[in-house]
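# I would like to see how this sequence folds:
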Amino acid sequence: MTPPLPRPTQRGPWTAALKESALHTRRTLALVWASSRAQTIALAALTLVAALVPLGVAYAGKRIVDGVVAHSRAQTVRWVVTELVLVATVAGVQRGLGLVRQLLGARLGIDINVSILEKALGLELRYFEDADFYDKLTRARREASSRPVALVTEAFGLVQNAITLVGYGVLLVRFSGWAVAGLLLATVPATIAEMRYSKIAFRVRNWRSPESRRLLYLEYVLANDEHAKEVKLFGIGPLLMERYRTLAEQFYEEDRVLAVKRTWITHLLSMLATVAFYGAYAAMAVMAAAGLLTLGNMTLYILAFRQGQSSFQAILSSIGSMYEHNLYMSNLFEYLELTQAGGTVAGKASARAGGADVEIRFEGVGFRYPGKQGKEEDAYALRGIDLTIAKGESLALVGENGAGKTTLIKLLAGLYAPTEGRVLVGGIDVRDWDPDALRRRIGVVFQDFNQYQLKVRENVGFGSVDHMDEEPRLQRAVERGGAEELVGSLAGGLDAPLGRWFHEGTELSGGQWQKVALARAFMREEADILVLDEPTAALDANAEHAVFQRFRALAAGADRPAEQGPRTTIVISHRFPTVRMASRIVVLEKGRIVEQGSHDALVASGGKYARMFALQAEGYR
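So this is what the prediction gives:
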């Protein structure tokens, strides 16, 4: 059963709503002006011409009828030619307006989408782990390329029709000011109804943003190579297809009910304007038949009444459409106004940011994911973390899934800011580091690394964008990541496209992708801190051994000047042969440090680490 449509909440009188709409219109016009001044001026000029020419056409029509009545061939021909020129001008102006709108829409669509993506790049990682943010992003991107230019078109159209209406009004007041007022007022009810249903439609679409994202997700799962194997293997395609169809049908039913109701009500109300026009038409025809009105003036007044009423209706329609467009623009502006407040890495570009000392200290650090519910002790991913990692030290983080290991690395890299306490790198709080400067000092491979559907050189080079065109560095990174044999087997070498999304791409196995990801991390030769988060989970034993041999050489600083010393290394792994290579092991449980020490010391203590080690060792017997 289709749920009832949400009713629009009253946020204040219509004047307040229109005032807010006017504010969004002004901001949108500023966006358009910034996007293309020349095209905005052209749109304004053509709109002005389009507003004035119809008045000339109406007057020419009157003079043609007067010429016919007076049996004046010369006058009739002269004004027919004049009307032809004016009508041709109108046609040319309309063509020009269409061209400018098309070009301006395309230009504006690119600029706004760039603004949306730039905003996304500048937001802290926590936003991308928040469902409310994705709702805002979905609403901002929806129709972002069409609504702004539609709003500007309506705004200029409103000005155009207002100018035309004033001209017709000057012509018509000679006949009857009351008739003019009556004809105009007859169009108001239908316009108010349109505005009301525009608001309902907007609220319906906002209300179902989470479900809209669910629909897109189901579509993605059903038609994406990443999920195709499991969808077929487990036979879940029909189940997901049914969910997709049910949700899509629900959306259709909601839209159908609203569209039918909107069409009937606005049609019935618009008939008031039609009845009023034909009442005035009949009155003028009777007056002309009685000789109280010339045929030319009757023609002029009828045309003026019809076009004037049409212009006024267009004005009210433009106000309604602008109101609707501005409702959607409010989504865009709300998204663009997202701030980094509430636990962000400020990035003050400290003067000491380039120092050689990279001692790492966690002082009373706690972190709670925004919006996470539950008991206070359960809501924190990390709590009470006091940890010092000396320059050049080799550290391993061990713990069950969800213990907080990866979260700790994200705090170190400035991707999150602590809820409590502080993280110091080289004696400087990460919130006082320039984010780019800090992250250039850290080379990281996360367990959920990206698989870019791009060339090998780009997949590797992204590890250090400033050096991605340096062939020797790329080759060294590929070798250190263990991907040398893989790259050599590809037809295009470093220029071979990876993945199946684009033409001639090569899909890799999980282990091969992991080697590429490791090579990407090893591109950061200037990094003082190397972090591997489950770096070899998809590799065989030989490949894993080779990777860690290279990793230990990099950690010792064998590839850089002696004065720079060894690198600090942090490894997260569930494999104890990997973990025991670290000089110190830190054991996390439920977001807290419960043990730390060398492998031998921790095994001898018989605690959490010893039990985990014994369980894994049992599996090899």
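# which stretches of this protein form strands?
Counting by DSSP state E, residue ranges of the strands within the chain are 360-368, 380-389, 394-399, 420-425, 428-429, 442-445, 529-533, 568-572, 584-589, 592-597.
# got the ones you listed as TSV, with mean neighbour count, mean pLDDT and distance to Glu83 columns?
C-betas here are computed from N, CA, C, even on glycine. Converted to TSV, those look like this (neighbours: other CB atoms under 10 Å; pLDDT from 0 to 100; distance: least, CB to CB, whole Å):
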stretch	mean neighbour count	mean pLDDT	distance to Glu83
strand 360-368	18	91	74
strand 380-389	19	89	76
strand 394-399	23	88	84
strand 420-425	19	91	78
strand 428-429	18	90	76
strand 442-445	23	82	74
strand 529-533	23	85	77
strand 568-572	24	87	81
strand 584-589	21	90	85
strand 592-597	17	90	86
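# Please report how far Gly427 lies from Lys391.
Gly427 sits at a distance of 11 Å from Lys391 (criterion: CB to CB, to the nearest Å).
# typo on my end, it should be Glu124
Computed as CB to CB, the Glu124 to Lys391 distance reads 28 Å.
# in the stretch 1-150 of the chain, which segments are predicted with low confidence?
Scanning the stretch 1-150 of the chain for pLDDT under 70 picks out the ranges 1-21, 131, 142-145.
# if we can go back for a sec, more neighbours: Gly427 and Lys391, which one.
Remark: of Gly427 and Lys391, Lys391 carries more neighbours, 16 against 12, as counted by other CB atoms under 10 Å.
# from what I can see the more buried one touches Ala555, true?
No. Judged on CB atoms under 8 Å, Lys391 makes no contact with Ala555 at a distance of 11.8 Å.
# Give me the common contacts of these two.
Shared between the contact lists of Lys391 and Ala555 (criterion: CB atoms under 8 Å, 6 or more residues apart in numbering) are residues Pro566.
# and Glu507, how many neighbours?
Glu507, neighbours per other CB under 10 Å, totals 13.
# contacts for stretch 132-149?
If you take CB under 8 Å, 6+ apart as the criterion, stretch 132-149 is touched by 28, 31-32, 101, 104-105, 108-110, 112-113, 116, 120, 123, 127, 205-206, 209-210, 212-213, 325, 328-329, 331-332, 334-336, 338, 371.
# Check stretch 236-245 too.
By CB under 8 Å, 6+ apart, stretch 236-245 touches 215, 218-219, 221-222, 230-231.
# if you set the cut-off to 6 Å instead, what comes out?
Contact partners of stretch 236-245, identified using CB atoms under 6 Å, 6 or more residues apart in numbering, comprise 218, 222, 231.
# residues near the residue nearest to His599 when sequence neighbours are not counted, how many?
Take His599 and drop its neighbours on the chain: the residue closest to it by CB to CB, 6 or more residues apart in numbering is Arg580, 4.0 Å away. Using other CB under 10 Å, Arg580 is surrounded by 15 other residues.
# Report pLDDT for Arg580.
As predicted, Arg580 sits at a pLDDT of 78.
# now do the one 10 residues further on
Looking at Lys590, its pLDDT is 87.
# how about it, phi and psi?
Lys590 has phi and psi values of phi 50, psi 40 when expressed as degrees, to the nearest 10.
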